[in-house]
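[1] okay, sequence plus prediction incoming.
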Amino acid sequence: MNKTRKPVTRLYNGRRFWPSFFLSIMLFNAHANDGLQPNIAAGVTNLRAVLEDEIQSYDKKGVNYLRWHTYWVVDWQPVVGAKEYQITYFTSEGVSKKTKILAHPPFRLESALGDNPKSMGFLQREIQLQTIQSLLSISIAPRMADGSIGLPSPLLGVGQTYP
């Protein structure tokens with residue numbers, strides 16, 4: 001005997017439950033989303049990080065010396081409607097509670113420094129940059145006039161050039 005099984009639709013108070021249940025959910029979602037979607041602000045784009053050096057030369061007992069500072073400079077395209085930008089610091093110990101607020105790009109941070117005879121160049125600059133990269137990263141997010149915060153940028157290792 002070969003019996004064909006029909007799909008079972010459960011009855012709820014004499015009515016088919018599942019079709020009306022799913023139709024109700026779909027109609028509710030369609031109505032609930034009318035104009036009520038959250039306004040998510042855009043994130044920063046066109047990120048670029050470079051190293052800038054400031055050098056001061058001077059003589060000390062007949063030897064030419066360099067006093068140098070290396071700054072890590074991050075620039076990005078301004079976000080339309082952003083009032084300011086929030087820089088969040090990520091350290092080897094976690095996310096810092098302190099943030100820096102900027103009115104506009106770029107963000108600039110001293111990453112290495114030295115004072116040594118000119119013949120030695122930028123003594124230990126690379127070691128300093130590698131060390132700071134392993135200890136500190138940042139993320140940038142736009143803050144809109146209404147107080148909302150846009151999407152944060154990817155983490156950028158301080159001292160590392162990008163892209």
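    Received, thanks.
[2] tell me the contacts of Ser92?
    By C-beta atoms under 8 Å, 6 or more residues apart in numbering, the contact set of Ser92 is Ser134, Leu135, Leu136. Placement of C-beta: from N, CA and C, glycine included.
[3] one more: Lys61?
    So Lys61 contacts nothing (C-beta under 8 Å, 6+ apart).
[4] where do the strands sit along the chain?
    Secondary structure of the chain by DSSP state E: the strands cover 11-12, 15-16, 45-60, 63-77, 82-91, 94-102, 107-117, 136-144, 156-157.
[5] same list (the ones you listed) but as TSV, adding distance to Pro163.
    Output for these, formatted as TSV (distance: least, C-beta to C-beta, whole Å):
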stretch	distance to Pro163
strand 11-12	58
strand 15-16	57
strand 45-60	7
strand 63-77	11
strand 82-91	19
strand 94-102	21
strand 107-117	16
strand 136-144	15
strand 156-157	10
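[6] including mean neighbour count, could the ones you listed go into JSON lines?
    Below are the strands of the chain laid out as JSON lines (neighbours: other C-beta atoms under 10 Å):
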{"stretch": "strand 11-12", "mean neighbour count": "10"}
{"stretch": "strand 15-16", "mean neighbour count": "10"}
{"stretch": "strand 45-60", "mean neighbour count": "12"}
{"stretch": "strand 63-77", "mean neighbour count": "17"}
{"stretch": "strand 82-91", "mean neighbour count": "17"}
{"stretch": "strand 94-102", "mean neighbour count": "11"}
{"stretch": "strand 107-117", "mean neighbour count": "16"}
{"stretch": "strand 136-144", "mean neighbour count": "20"}
{"stretch": "strand 156-157", "mean neighbour count": "20"}
